[in-house]
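A.B. asks: structure, please.
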Amino acid sequence: MSASGERWGERMPGLGVAAAAAALAWAVHLLFPVVPLLTVAVAAGIAVAQVPRARDAVDGPLRSGLSFSARTLLRAGIVLLGLKLSLADIAGLGWVTIATTVAVVVLAFAGTWALGRAVGLPGREPLLVASGFAICGASAIGAMAAATRARDEEQAHPVALVTLCGTLAIAVLPALWHPLGLSPTGFGHWVGAGVHDVGQVVATAQVAGTAALAVAVVVKLTRVLMLAPMVAIAATVERRRSTDGPGPRPAIVPLFIAGFVAAVLVRTFLAVPEPVLVAADLVQTTLLAMALFALGTSVRVSALLHTGWRAAAVGLVSWVLVAALAYGAVLLG
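C.D. replies: Below is the predicted model of the structure:
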């Protein structure tokens, strides 16, 4: 058997488990639509990793396939995510909403990164937490980790925290809708600018009706579009830092980010048939579910409780910061 065949043979058990987890996440989401599919996938990975026998398998025969899922499949899913974005839809928000949304991302990213550095989060954790909370959840964490060559272990705490806080938003933000005096579209704007993952945005905004949901999704996708420049900037900084280091220097624009931008341009300027968009959405969601399950298996709750309290504090403060900045953006809009 060739070396390539041997590698795929090693990957298949982990890929099979990740695919089964994605199918389970789909089933749970279909039974309980309010529960975001990708949140279920991450939670399932975290749960599996806490069972001793399952953890042995995750760290042993399943590791090759899970690592492939967490890296390669995640990047493929991010490329297809670009087909959700149309620059025309974003332009329809108006320049004030676009400008304030960009400001929310930049300020939340800078504030979270600075706080993470201040409390001494190790390695690239400050960068990854900032990416997840400011841009688009676990997908942004994976993209930033790939661009900066972060280890899987460095992604574990950020992924767990952004999933926890995004899920918390599903319950907390609707309870604040009326006390804050927001209209349905204002609530949708707030959710789109302040909640992390696209699925969590949908689950949170839909309580205020279709108008709120439509605004929330477009504002959220505007934040997703920020993934490309933010990752490119981080990769450029990493490239300068690694000038004298061993091995090849990272690309200024990672290939999968270029693919993401290309997908956005295709959706904007070409008449992509609806069946193609539906199929791409299905594939993209499945790939991300497999990838996020795999990332979830890197989380060790015992380690998070004992050594991750600083990351948890940064995550909670960032969650409040993003919500406050997003509320300010709604008032300005």
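A.B. asks: for the rest of this, base every contact and every neighbour count on C-alpha atoms.
C.D. replies: Will do.
A.B. asks: next SSE after the lowest-mean-pLDDT helix or strand in the chain?
C.D. replies: Sorting the helices and strands of the chain by mean pLDDT, DSSP states H and E puts helix 301-307 at the bottom, at a mean of 70. Note on helix 301-307: by DSSP states H and E, the next helix or strand toward the C-terminus is helix 309-332.
A.B. asks: tell me what that next one is packed against?
C.D. replies: helix 95-118, helix 152-177, helix 184-194 (3 or more Cα pairs under 8 Å, 6 or more residues apart in numbering; DSSP states H and E).
A.B. asks: same for the longest one, what does it pack against?
C.D. replies: If I follow you right, that is helix 152-177. Judged by 3+ Cα pairs under 8 Å, 6+ apart, helix 152-177 is in contact with helix 37-49, helix 125-131, helix 137-148, helix 198-205, helix 274-296, helix 309-332.
A.B. asks: let's have those in JSON lines, adding mean neighbour count, mean pLDDT and distance to Leu213.
C.D. replies: Output for the helices and strands packed on helix 152-177, formatted as JSON lines (neighbours: other Cα atoms under 10 Å; pLDDT from 0 to 100; distance: least, Cα to Cα, whole Å):
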{"stretch": "helix 37-49", "mean neighbour count": "24", "mean pLDDT": "90", "distance to Leu213": "17"}
{"stretch": "helix 125-131", "mean neighbour count": "29", "mean pLDDT": "93", "distance to Leu213": "24"}
{"stretch": "helix 137-148", "mean neighbour count": "26", "mean pLDDT": "86", "distance to Leu213": "18"}
{"stretch": "helix 198-205", "mean neighbour count": "24", "mean pLDDT": "87", "distance to Leu213": "5"}
{"stretch": "helix 274-296", "mean neighbour count": "22", "mean pLDDT": "93", "distance to Leu213": "18"}
{"stretch": "helix 309-332", "mean neighbour count": "20", "mean pLDDT": "92", "distance to Leu213": "15"}
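A.B. asks: let's have these in CSV, adding distance to Gly192.
C.D. replies: As requested, those are exported to CSV (distance: least, Cα to Cα, whole Å):
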stretch, distance to Gly192
helix 37-49, 17
helix 125-131, 16
helix 137-148, 12
helix 198-205, 6
helix 274-296, 19
helix 309-332, 8
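A.B. asks: quick one: which of those is nearest Ala216?
C.D. replies: When these are compared by Cα to Cα, helix 198-205 sits nearest Ala216, at 6.5 Å.
A.B. asks: residues in contact with the closest one?
C.D. replies: 33-39, 136, 166-167, 169-171, 173-174, 187-188, 191-192, 195, 212-213, 216-217, 220-221 (Cα atoms under 8 Å, 6 or more residues apart in numbering).
A.B. asks: mind listing what's buried along the helix or strand following that helix?
C.D. replies: Going down the chain from helix 198-205, the next helix or strand is helix 210-225, by DSSP H and E. For helix 210-225, the neighbour count (16 or more other Cα atoms under 10 Å) marks 212-225 as buried.
A.B. asks: now do stretch 84-95
C.D. replies: Lys84, Leu85, Ser86, Leu87, Ile90, Leu93.
A.B. asks: flag every buried residue along the longest helix along the chain.
C.D. replies: Selection of the longest helix in the chain by residue count, based on DSSP state H, yields helix 3-31. The neighbour-count check on helix 3-31 (16+ other Cα under 10 Å) flags 10-15, 17-19, 21-26, 28-29 as buried.
A.B. asks: now do stretch 154-168
C.D. replies: For stretch 154-168, burial by neighbour count (16+ other Cα under 10 Å) applies to 154-167.
A.B. asks: mind putting the residues you listed into CSV with distance to Ala294 and pLDDT?
C.D. replies: Below are these laid out as CSV (distance: Cα to Cα, whole Å; pLDDT from 0 to 100):
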residue, distance to Ala294, pLDDT
Glu154, 14, 85
Gln155, 11, 85
Ala156, 10, 80
His157, 14, 83
Pro158, 14, 89
Val159, 11, 86
Ala160, 12, 85
Leu161, 16, 87
Val162, 16, 88
Thr163, 14, 84
Leu164, 17, 84
Cys165, 19, 88
Gly166, 19, 85
Thr167, 19, 84
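A.B. asks: reformat the residues you listed as TSV; add distance to Pro254.
C.D. replies: Formatted as TSV, those follow (distance: Cα to Cα, whole Å):
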residue	distance to Pro254
Glu154	19
Gln155	18
Ala156	22
His157	24
Pro158	21
Val159	21
Ala160	25
Leu161	25
Val162	23
Thr163	25
Leu164	28
Cys165	28
Gly166	27
Thr167	30
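A.B. asks: tell me which element Leu80 falls in.
C.D. replies: Using DSSP H and E, the element containing Leu80 is helix 74-81.
A.B. asks: number of residues surrounding Phe68?
C.D. replies: Residues near Phe68, counting by other Cα atoms under 10 Å, number 19.
A.B. asks: can you tell me the SS state at Leu180?
C.D. replies: With DSSP: H, G, I helix; E, B strand; the rest coil as the basis, the three-state label of Leu180 is coil.
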